[in-house]
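Chemist: quick one, fold the following:
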Amino acid sequence: MEIILNAFMTLCDESQAILVRSAYSTNIKERKDCSAWLLDQNGQPFCGGRFSGGQYNNSGYGPVGTFILEHFATTLAPGDVFITNDPYLGGPTHLPDMSFLKPVFHSGTFLGFICNQGHWADVGGKAPAQGVVGDATEIYQEGLRLPPVRLYKAGELSQDIYGILLANIRGPQERAADVRAHLAALSAGEHRIHELADKYGPTKLQRYMGALIDYSETRLRQAIREAPEGTWSAVDYLDDDLGTETPIPIRVKISIQHYPEPKIKLDFTGSGPPAKWGVNVAGHGTWQMVVGVFRNLLADDTVPINSGFLKPFTIIMPDRSLINAKEPESVGARTETTYLVRDAILAAVMEVFPKKARAPWHGVHGVGFSNREGKSYFIHYQTVGGGGGARTFKDGIDSVHEVLNLPIEPMEMQYPVRGIKLEYVRDSEGAGEYRGGMGVRQDWEVLEDVYLATHSNRHRIPAPGIAGGGPGGASNLLLNYETPSCVALPREATNYPLVKGDIVTVLAGGGGGFGDPLKRSPEAVLDDVQNGKVSLARAADIYGVAIDHKTLTIQSEKTELLRGNQAST
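Modeler: Residues are numbered from 1 along each chain as shown. Take a look at the predicted model:
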């Protein structure tokens with residue numbers, strides 16, 4: 001079993017690596033915002049790559065496989081390739097996550113699908129990079145939406161589908177190159193599956209696929225039985241629906257039981273209604289986040305995320321809600337909500353799984369730059385890491401995010417954008433016995449007149465602390481920060497005009513802290529002060545640690561007095 005599992009994982013890793021090396025979209029080739037996975041002959045996920053976990057696991061693609069088999073089973077042929085980005089069917093959770101699925105046959109036997117997904121720079125819509133930004137009010141504004149359609153039929157390109165695709169997307173030459181990259185990655189994976197079928201035979205290989213699904217279910221139920229039984233709950237909040245000042249709650253109640261069989265129930269009843277703007281997430285996106293969180297809490301990367309892994313879960317979501325969006329509700333900036341789903345789950349079970357859970361983190365913050373009319377085409381989009389949540393035994397990670405940051409060199413080579421600053425934000429950590437990770441400031445200067453797109457959260461409601469820990473610093477988006485002409489930028493926007501020389505600043509917030517700040521080691525506070533992360537004033541006022549401003553050494557007697565006075569109040 002281990003041999004065949006690692007063979008399947010490795011072929012997915014290889015396929016993903018080929019996609020990264022071949023793609024033109026910066027999010028794929030530089031930031032590795034992509035994945036690869038496999039569906040069995042029933043269209044159900046049974047294995048994915050080692051680097052396709054977390055939020056980007058592919059547990060939601062079962063409905064996509066089922067759809068293809070229901071509509072195309074009688075005409076499936078070697079050389080077929082399907083493409084989809086429909087966020088309501090299952091699989092992709094917003095339109096830029098373009099997904100390709102190729103049926104694999106061996107000696108006339110249908111084995112399943114080799115699949116991959118990549119975040120494209122543009123998929124059309126009312127503005128550049130619209131598919132990832134939150135200012136749309138319905139899905140139709142966010143870009144071209146494709147149900148599973150056959151891009152290749154028996155190895156022949158469907159020119160009509162291909163023409164519709166490229167005619168509705170900005171930068172068609174780049175997207176055509178992305179298509180070729182996806183196809184190359186599929187072909188490599190298909191070749192490896194043929195090698196496995198040659199070695200084991202197609203019938204035995206299919207049995208192995210089914211066995212992996214059973215294996216994941218068995219491993220997860222065993223892990224659930226070792227976890228404590230009980231019920232825990234938490235709530236986190238999206239800042240607001242734009243144009244209002246009312247936060248939107250994400251509530252979760254988590255129950256773990258061992259009998260009659262081990263299972264986990266998550267009840268999101270009480271979570272808020274769908275947002276007017278594009279920060280909603282379809283239900284399978286919430287499912288994917290739940291699966292990713294509990295895989296990290298209860299298992300490891302030797303347990304494949306597949307349809308068997310889903311079986312021990314029961315998830316209750318309010319219909320037509322922020323976390324269970326339906327057509328035509330917009331979903332472009334769905335990460336703002338999915339990360340809050342993750343934060344709420346981890347906050348609820350933090351002391352149940354003390355070695356793996358963490359406090360809430362900084363949120364998500366994306367900026368996109370694109371050309372003005374009449375200028376050479378470009379679209380550049382990236383996100384900014386911030387502070388990770390504190391652990392029960394360790395500080396949160398400074399400057400952390402789900403995908404890679406874009407290196408400054410390729411950005412400046414390709415786009416009229418210059419990197420100016422990347423640094424920690426002093427005093428942005430959530431205070432605690434173990435502090436949250438530091439927030440991050442990142443600045444860019446535009447070298448010509450361009451348009452800006454933004455999406456960001458945790459501006460009004462920063463990452464909360466746990467068990468007496470303090471909240472992280474709030475996030476912010478600013479234009480020409482620290483100048484007389486500084487203005488706040490909107491959290492969700494497209495086609496915001498910038499002129500040459502403008503500087504865009506993202507202040508990504510800090511992570512929430514864990515435990516009483518007065519219990520933090522004075523030496524740890526001193527280390528943060530010496531490294532410029534915490535100010536002398538904050539060390540005294542929040543942590544009760546007196547530090548000599550000249551020698552930067554701890555003043556023990558003053559510290560004892562400070563902590564005694566603060567504890568008594």
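
Chemist: domain parsing for this structure?
Modeler: Using automatic domain parsing, the domains assigned to the chain come out as 2-216, 358-515, 521-569.

Chemist: what's the end-to-end length of the shortest one?
Modeler: So that's domain 521-569. 20 Å (C-alpha to C-alpha, to the nearest Å).

Chemist: if we can go back for a sec, can you redo the domains of the chain as CSV with distance to Lys263, mean pLDDT and mean neighbour count?
Modeler: Placement of C-beta: from N, CA and C, glycine included. Formatted as CSV, the domains of the chain follow (distance: least, C-beta to C-beta, whole Å; pLDDT from 0 to 100; neighbours: other C-beta atoms under 10 Å):
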stretch, distance to Lys263, mean pLDDT, mean neighbour count
domain 2-216, 14, 95, 21
domain 358-515, 24, 96, 22
domain 521-569, 40, 96, 16
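
Chemist: out of these, which is closest to Pro304?
Modeler: Distance to Pro304, taken as C-beta to C-beta, is lowest for domain 2-216 among these, at 4.6 Å.

Chemist: compute the first-to-last residue distance for that closest one.
Modeler: 12 Å.

Chemist: what do you get for stretch 505-517?
Modeler: Using C-alpha to C-alpha, the two ends of stretch 505-517 sit 30 Å apart.

Chemist: quick one: closest of the domains of the chain to Ile323.
Modeler: Using C-beta to C-beta, the nearest of these to Ile323 is domain 2-216, at 11.5 Å.

Chemist: give the bridge partners for the residue lying closest to Ala227 once chain neighbours are set aside, please.
Modeler: Closest residue to Ala227 apart from its sequence neighbours, by C-beta to C-beta, 6 or more residues apart in numbering: Ile256 at 5.5 Å. Partner residues in beta bridges with Ile256, using DSSP bridges, are Gly230, Ile264.

Chemist: enumerate every residue touching Ile256.
Modeler: 224, 227-231, 262-264, 352 (C-beta atoms under 8 Å, 6 or more residues apart in numbering).

Chemist: helix, strand or coil for Tyr444?
Modeler: Quick fix: residue 444 reads Trp, not Tyr. The assignment at Trp444 comes out as strand when based on DSSP: H, G, I helix; E, B strand; the rest coil.

Chemist: I figured it was touching Arg418, is that so?
Modeler: Yes. Using C-beta atoms under 8 Å, Trp444 is in contact with Arg418, at 6.7 Å.

Chemist: going along the chain, name the helices of the stretch 51-200 of the chain.
Modeler: Under the criterion DSSP state H, counting those that start in this stretch, the stretch 51-200 of the chain contains helices at 62-72, 159-167, 172-200.

Chemist: so which of these is nearest Gln555?
Modeler: Smallest distance to Gln555 across the helices of the stretch 51-200 of the chain (C-beta to C-beta): 59.4 Å, for helix 172-200.

Chemist: can you name the element that comes right after the closest one?
Modeler: Following helix 172-200 in sequence order, the next helix or strand is helix 202-226 (DSSP states H and E).

Chemist: what residues does that following helix touch?
Modeler: 1, 4-5, 8, 38, 40-41, 44, 46-47, 106-107, 109, 111-112, 193, 196-197, 200, 256, 258, 261-264, 294, 298-299, 303-309, 311-312.

Chemist: okay, the angle between it and helix 172-200?
Modeler: Angle, helix 202-226 to helix 172-200, by axes from the mean of the first three to the mean of the last three C-alpha atoms, to 10 degrees: 100 degrees.

Chemist: for Pro92, state which of the contacts of Ile256 is nearest.
Modeler: In terms of C-beta to C-beta, no member of the contacts of Ile256 lies closer to Pro92 than Ile264, at 25.2 Å.

Chemist: so how far is Asn480 from that closest one?
Modeler: 49 Å (C-beta to C-beta, to the nearest Å).

Chemist: which stretches of the stretch 301-450 of the chain form helices?
Modeler: Under DSSP H, counting those that start in this stretch, the stretch 301-450 of the chain gives helices at 307-310, 335-349, 408-414.

Chemist: can you list those in a markdown table and add distance to Val235?
Modeler: Formatted as a markdown table, those follow (distance: least, C-beta to C-beta, whole Å):
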| stretch | distance to Val235 |
| --- | --- |
| helix 307-310 | 25 |
| helix 335-349 | 6 |
| helix 408-414 | 38 |
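
Chemist: would you mind finding the most buried of these?
Modeler: Among the helices of the stretch 301-450 of the chain, the stretch with the highest mean neighbour count (mean count of other C-beta atoms under 10 Å) is helix 335-349, at a mean of 26.

Chemist: restricting to C-alpha, output it in PDB.
Modeler: Output of helix 335-349 as PDB, limited to C-alpha atoms (Å, rounded to 0.1, in the frame of the first residue of the first chain):
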ATOM      1  CA  THR A 335     -10.300  33.400   0.800                       C
ATOM      2  CA  GLU A 336     -11.300  36.200   3.200                       C
ATOM      3  CA  THR A 337     -14.000  34.000   4.500                       C
ATOM      4  CA  THR A 338     -12.400  30.500   4.200                       C
ATOM      5  CA  TYR A 339      -9.400  31.700   6.300                       C
ATOM      6  CA  LEU A 340     -11.900  32.900   8.900                       C
ATOM      7  CA  VAL A 341     -13.600  29.400   8.800                       C
ATOM      8  CA  ARG A 342     -10.200  27.900   9.500                       C
ATOM      9  CA  ASP A 343      -9.500  30.400  12.300                       C
ATOM     10  CA  ALA A 344     -12.900  29.700  14.000                       C
ATOM     11  CA  ILE A 345     -12.300  26.000  13.900                       C
ATOM     12  CA  LEU A 346      -8.800  26.200  15.300                       C
ATOM     13  CA  ALA A 347      -9.900  28.700  18.000                       C
ATOM     14  CA  ALA A 348     -12.600  26.200  19.100                       C
ATOM     15  CA  VAL A 349     -10.200  23.300  19.400                       C
END
